[in-house]
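Peer 1: return atomic coordinates for the entry below.
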Amino acid sequence: MQSSAASIPPTAQVADLERHRQSAQLIEALSPGSFVTLRNQPPDLPPFQLIQCRGGRCWVRQQSWGAMVQWEVAHRQLRGLA
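Peer 2: Model prediction:
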């Protein structure tokens, strides 16, 4: 029995490798309780507090929001504060 990789054209293999390389880029480690900003966040919007991250998704909140109000965003949209 042939392996599945042998039946894929070489150009498709290269494209798959490139997609994998791009998705494997390092993402910033963010700790719960830390403050983060969104990419392209307006300067007049205060930082968000990070609640948790799981499976490429993160939950954040504004301190002025109620404790049960959270916003789910993609991890890649977030930047930690230095």
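
Peer 1: following element in sequence after the lowest-mean-pLDDT helix or strand in the chain, please.
Peer 2: When the helices and strands of the chain are scored by mean pLDDT, DSSP states H and E, helix 10-23 comes last with a mean of 60. Sequence order places strand 35-38 as the next helix or strand after helix 10-23, per DSSP states H and E.

Peer 1: just the CA trace of that following strand, in CSV.
Peer 2: Output in CSV follows, covering the C-alpha atoms of strand 35-38 (Å, rounded to 0.1, in the frame of the first residue of the first chain):
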residue,chain,number,x,y,z
PHE,A,35,-3.1,43.1,30.6
VAL,A,36,-3.2,42.9,26.8
THR,A,37,-4.1,45.1,23.8
LEU,A,38,-5.7,44.1,20.5
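
Peer 1: low pLDDT regions in the protein?
Peer 2: The chain contains residues with pLDDT under 70 at 1-27, 82.

Peer 1: longest single strand anywhere in this protein?
Peer 2: Using DSSP state E, we find that the single longest strand of the chain is strand 48-54.

Peer 1: the very next helix or strand once past it packs against which elements?
Peer 2: As assigned by DSSP H and E, the chain's next helix or strand after strand 48-54 is strand 57-61. Applying 3 or more Cβ pairs under 8 Å, 6 or more residues apart in numbering; DSSP states H and E, one finds that strand 57-61 contacts strand 48-54, strand 71-74. C-beta here means a position set from N, CA and C on the backbone, and glycine is covered the same way.

Peer 1: buried set for the last one?
Peer 2: Think strand 71-74. Neighbour counts over strand 71-74 (16 or more other Cβ atoms under 10 Å) mark V73 as buried.
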